[in-house]
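*Asks:* task: produce atomic coordinates for the following.
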Amino acid sequence: MELFLFWLVFGIGLFIQAIYLLFIFSRLAFFKKKSESKSSSQNTEGVTVTIAAHNEAQRLEKLIPILFEQDYENFEVLIIDDRSTDGTHELLQELMVIYPKLRTVTVAYTPNHVTAKKYALTLGIKVTRNDIILLTDADCVPESKNWIKLMTAPLREKKKTFAIGYSGYEQKPGFLNSWIQFETLLTAYFYLSFGLWRAPFMGIGRNLCYRRSFFIEVKAFKGLWHIEGGDDDLFVNQYATGKNSALVIDPEANMISEPKTDRKSYLTQKKRHLHAGKYYRAEDKQKIGFYAFSHALFWIGGIGLLIYSGLMQNWEQFFVVFGIILSRTLLLTFMFHIGGKKIQGFSPTKMTWLHDFLYLGYFWVLGSVSHQAKTIKWK
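*Replies:* Below you'll find the predicted structure:
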């Protein structure tokens with residue numbers, strides 16, 4: 001009876017995992033860019049690069065000159081100074097003299113009934129001069145001078161409302177960074193793969209584009225004000241569809257962000273991200289949930305069979321199960337290799353197999369803690 005249950009659990013997990021790897025994730029892994037993705041269209045509609053920043057003076061001093069090197073004619077940069085006390089205001093005043101297309105909005109306080117970043121973004125977006133809003137964060141840097149051109153092309157040329165991009169993290173030595181690279185790429189596989197199936201369900205605020213007119217039309221973050229975080233993924237989850245959205249999959253259109261360098265700050269960040277996930281639509285939670293559930297079944301059933309076969313000295317069964325686990329691991333590693341190059345221009349760490357196993361604990365433990373959390377803060 002125990003043997004049957006182990007095989008049942010293992011088989012169900014393997015079946016669902018195969019669907020994800022071979023039919024869903026493969027959509028992204030084997031994605032081919034269309035030639036017009038770098039179109040030199042004459043449509044240079046105005047764009048406002050919008051950044052909400054709280055005590056980010058050092059990063060803004062580095063980022064703002066880089067943004068004004070973008071190869072796009074018609075854009076402005078709007079920095080929303082959210083209650084900063086580190087000299088951000090003085091820095092922006094100095095930089096506005098150098099860069100005439102740099103503007104700033106100062107947020108002096110946040111009302112009690114709303115969350116800080118959403119309030120700051122709302123105040124800033126309402127006063128932008130352009131209808132195309134391109135969002136990023138102060139700790140990000142564009143991967144190329146074509147970032148604005150590529151990220152806004154779906155809105156300018158295809159009349160889309162949303163353009164969903166990718167934002168990775170700077171590569172650094174150490175196990176934590178290796179894990180961050182893995183988890184970021186796996187998350188991208190979820191939202192980009194389903195986006196390619198015309199079923200978008202989230203976006204990343206470090207690289208997200210949408211129209212100001214739509215933002216105003218739907219009354220900004222109506223229904224989301226009480227949730228810390230979610231100014232990106234929940235807004236996309238609520239309003240993006242297969243018809244009004246487009247994905248921008250091109251290493252030159254990416255933003256690269258500073259990764260966390262200690263476990264405490266990383267876990268705090270991920271706790272905020274995972275907490276927002278509980279507010280996704282039911283069908284969208286299932287897209288991640290089925291993968292995580294089948295992933296758990298696969299490893300629990302597989303390890304159980306290996307232990308059982310070893311104890312019973314059934315080595316033929318042992319090597320069959322081990323071969324299945326190895327085959328699935330090699331397939332996943334292959335998908336990450338080609339997908340990583342396609343999305344971010346380089347392959348991820350060689351420890352994919354280890355991170356995949358550790359994801360079992362990460363998702364269920366941290367996900368459960370985040371789901372129950374009541375004290376989540378932006379900054």
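
*Asks:* bridged to the residue lying closest to Phe75 once chain neighbours are set aside, which residues?
*Replies:* Of all residues not flanking Phe75 in the chain, Val47 sits nearest, at 4.2 Å (Cβ to Cβ, 6 or more residues apart in numbering). In short, each C-beta sits where N, CA and C put it, glycine included. Judged by DSSP bridges, the bridge partners of Val47 are Phe75, Ile132.

*Asks:* helices along the stretch 251-379 of the chain, start to end?
*Replies:* Ranges of helices within the stretch 251-379 of the chain are 263-277, 282-311, 315-344, 352-361, 367-372, based on DSSP state H, counting those that start in this stretch.

*Asks:* in a markdown table, list those helices along with mean pLDDT.
*Replies:* Compiled in a markdown table, these are given as follows (pLDDT from 0 to 100):
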| stretch | mean pLDDT |
| --- | --- |
| helix 263-277 | 81 |
| helix 282-311 | 94 |
| helix 315-344 | 94 |
| helix 352-361 | 92 |
| helix 367-372 | 65 |
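
*Asks:* among those helices, which is nearest Lys149?
*Replies:* Minimum separation from Lys149 across the helices of the stretch 251-379 of the chain (Cβ to Cβ) falls at helix 315-344, 18.6 Å.

*Asks:* contacts for stretch 227-237 next, please.
*Replies:* 115, 117-118, 121, 135, 162, 164, 200-206, 208, 221, 224, 245, 272-273, 275-277, 279-281, 284, 376-378 (Cβ atoms under 8 Å, 6 or more residues apart in numbering).

*Asks:* residues near the residue nearest to Phe75, how many?
*Replies:* The number of residues packed near Val47 is 27, by other Cβ atoms under 10 Å.

*Asks:* possible to save the helices of the stretch 251-379 of the chain as CSV with distance to Cys140?
*Replies:* Listed next are the helices of the stretch 251-379 of the chain as CSV, based on distance: least, Cβ to Cβ, whole Å:
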stretch, distance to Cys140
helix 263-277, 14
helix 282-311, 24
helix 315-344, 14
helix 352-361, 23
helix 367-372, 23
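
*Asks:* who's in contact with the residue nearest to Ile204 when sequence neighbours are not counted?
*Replies:* Leaving out its chain neighbours, the residue that sits closest to Ile204 by Cβ to Cβ, 6+ apart is Ser167, at 5.0 Å. The contact partners of Ser167, by Cβ under 8 Å, 6+ apart, come to 136, 140, 204, 206-207, 254-257.

*Asks:* just give me the closest of those to Phe75.
*Replies:* Phe75 lies nearest to Thr136 out of the contacts of Ser167, by Cβ to Cβ, at 12.5 Å.

*Asks:* my read is that the closest one contacts Thr48, right?
*Replies:* No: assessed by Cβ atoms under 8 Å, Thr136 is found out of contact with Thr48, at 11.5 Å.

*Asks:* what segments of the stretch 51-200 of the chain are strands?
*Replies:* 75-82, 102-107, 132-135, 140-142, 162-164, 167-169 (DSSP state E, counting those that start in this stretch).

*Asks:* what's the closest of the ones you listed to Gly289?
*Replies:* Gly289 lies closest to strand 162-164 among the strands of the stretch 51-200 of the chain, at 20.9 Å (Cβ to Cβ).

*Asks:* for Leu134, which residues are in contact?
*Replies:* Applying Cβ under 8 Å, 6+ apart to Leu134 gives the contacts 47-50, 75, 148, 151-152, 208-209.

*Asks:* sorry, back to before: for the strands of the stretch 51-200 of the chain, which one sits closest to Ile16?
*Replies:* The nearest among these, by Cβ to Cβ, is strand 162-164 at 25.3 Å.

*Asks:* pull out the buried residues from the closest one.
*Replies:* Across strand 162-164, burial judged by 16 or more other Cβ atoms under 10 Å covers 162-164.

*Asks:* appreciated, that's everything.
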